[in-house]
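> I would like to see how this sequence folds:
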Amino acid sequence: MCTLVRYVSPANGLVRTELLELISLDATDCSAAKIYNAFKNCLTAKNIPLANIIGLASDGANVMVGKNNSFFSHLKCDVPFVILMQCLCHSSALIAGKACEKLPRGPEELIRNIATYCSGSAKRYAQLCELQDYFHVERKKILKLASTRWLSMQQCESRVLDCWDVLLYFFRIAVVEDKLLAAQNILAAMENNYNKLNVLVNNSLEDVNIADPNNYLPAKDMILGTECENYIKNFSAEATELVKNKCLEFYITAALEIKKRLPINNHLFQQLKSKGGITCSNRRIRNKF
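Numbers count the residues shown, from 1 in each chain. Modelled structure (predicted):
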């Protein structure tokens, strides 16, 4: 178990993060009690009082932060006032994952299939590069969408959109030359305007009753961004309503997951002074807090 400690340096008053120890665990028994005891023994050996701990930052694994019989529940018994900060990357990815379940699966499958087809053969990759050169566009590799929470789907979507016109020509040629069903299916999906649209789409929250439909804008009043709004101008009323309702489901699920997973009701974080992007990016100012 990798154990890091974050503290305020007495030498210069800056916040520092350092490796405390790589704690060896018994792989046959990684229960919360065993993990906590190993952690506690590590601190005892280094003469670090548990009372010095003010917070725990961890991923969202149940063994670490579950309500009952977790690492955090054991720690809270010894340090009653300790606060918990779950990994924001993990929490944000879970939020996005839940929200994306409300979106049509077609565009995601299209992105996966394009990447698989292009990366599955050195010849196909070379042909794609030739087409990019022919159309005088920058050579860009099609990113493969992974299921891991650390890879952003947005990067893959943006790359496909950047190469959209070239990919259309690529698969039109592939259908004729390769005569593969996979190429035919990808081309048919790309020529479906609804799929491209879904790739393009991409008060204090705690006081809002998300379950109340009266708090939602009517679908016709939803703003999806200039690019999407221009794209759906020629859609039928039924198709436009379907698209906007799917986006609404996405937003609702994302809001519910944010309330569930992020510490928006934590009084400590509410009292912290907000720091804007300009302030945080200024090293001279940042060193003061």
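> use CA for all of it now, contacts and neighbours both
Will do.
> quick one: residue 20 is in a strand?
Yes: assessed with DSSP: H, G, I helix; E, B strand; the rest coil, residue 20 lies in a strand.
> need the contact list for it.
Residue 20 makes contacts with 3, 4, 5, as judged by C-alpha atoms under 8 Å, 6 or more residues apart in numbering.
> Please pick the buried ones from the residues you listed.
Among those, none scores as buried (criterion: 16 or more other C-alpha atoms under 10 Å).
> Redo the residues you listed as TSV? Include pLDDT.
As requested, those are exported to TSV (pLDDT from 0 to 100):
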residue	pLDDT
3	90
4	90
5	91
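> Throw those residues into JSON lines and include distance to residue 31 and secondary structure, thanks.
Shown next, in JSON lines, are those (distance: C-alpha to C-alpha, whole Å; DSSP: H, G, I helix; E, B strand; the rest coil):
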{"residue": "3", "distance to residue 31": "17", "secondary structure": "strand"}
{"residue": "4", "distance to residue 31": "20", "secondary structure": "strand"}
{"residue": "5", "distance to residue 31": "22", "secondary structure": "strand"}
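> mind checking the SS state of residue 16?
Three-state call for residue 16 (three-state DSSP): strand.
> how about stretch 71-78: buried residues?
When burial is assessed from 16+ other C-alpha under 10 Å, stretch 71-78 yields the following buried residues: 71, 72, 73, 74, 75, 76.
> And for stretch 28-39?
Burial within stretch 28-39, assessed by neighbour count using 16+ other C-alpha under 10 Å, is assigned to 32, 33, 35, 36, 38, 39.
> And the contacts of it?
In contact with stretch 28-39 (C-alpha under 8 Å, 6+ apart) are residues 23, 24, 25, 63, 64, 69, 70, 71, 74, 75.
> cool, and stretch 123-131?
Taking C-alpha under 8 Å, 6+ apart as the rule, stretch 123-131 contacts 117, 118, 119, 139, 140, 166, 167, 170.
> Recalculate using a threshold of 7 Å.
With contacts defined as C-alpha atoms under 7 Å, 6 or more residues apart in numbering, stretch 123-131 is touched by 118, 119, 139, 166, 170.
> Let me have the contacts of stretch 28-39 in TSV, extended by pLDDT.
Converted to TSV, these look like this (pLDDT from 0 to 100):
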residue	pLDDT
23	90
24	89
25	88
63	90
64	91
69	90
70	93
71	93
74	93
75	94
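> Narrow the residues you listed to those in strands?
Nothing among the contacts of stretch 28-39 maps onto strands, per DSSP state E.
> By neighbours, which of the residues you listed wins?
residue 71 (25 neighbours; other C-alpha atoms under 10 Å).
> in terms of contact, does it touch residue 63 like I think?
Yes: counting by C-alpha atoms under 7 Å, a contact exists between residue 71 and residue 63, whose distance comes to 6.3 Å.
> Tell me the buried residues in the biggest helix by length in the chain?
Looking across the chain with DSSP state H, the single longest helix is helix 237-261. Within helix 237-261, the residues that count as buried by 16+ other C-alpha under 10 Å are 240, 243-258, 261.
> go on, stretch 181-189?
Neighbour-count burial for stretch 181-189 [16+ other C-alpha under 10 Å]: 182, 183, 184, 186, 187, 189.
> And residue 254, how far from residue 100?
8 Å (C-alpha to C-alpha, to the nearest Å).
> Could you tell me which of the contacts of stretch 123-131 count as buried?
Buried subset of the contacts of stretch 123-131 (neighbour count, 16+ other C-alpha under 10 Å): 118, 119, 166, 170.
> In terms of helices and strands, where is the first one?
Using DSSP states H and E, residue 118 sits in helix 106-119.
> Following element in sequence after that helix, please.
Following helix 106-119 toward the C-terminus (DSSP H and E): helix 122-134.
> Please confirm that residue 57 is located within a strand.
Yes: the assignment for residue 57 is a strand, going by three-state DSSP.
> What is the neighbour count of the residue nearest to it when sequence neighbours are not counted?
The shortest distance from residue 57 to any non-neighbouring residue, by C-alpha to C-alpha, 6 or more residues apart in numbering, is to residue 85 (4.7 Å). Residues within reach of residue 85, counting by other C-alpha under 10 Å, total 15.
> Do I have it right that residue 85 meets residue 59?
No: the criterion here is C-alpha under 7 Å, and residue 85 misses it with residue 59 at 8.7 Å.
> and the residue nearest the centre of the chain, what helix or strand is that in?
Nearest to the geometric centre of the chain sits residue 93, at 3.2 Å (C-alpha atoms, centre = their mean). In this structure, residue 93 sits in helix 88-100 according to DSSP H and E.
> Sounds good, over and out.
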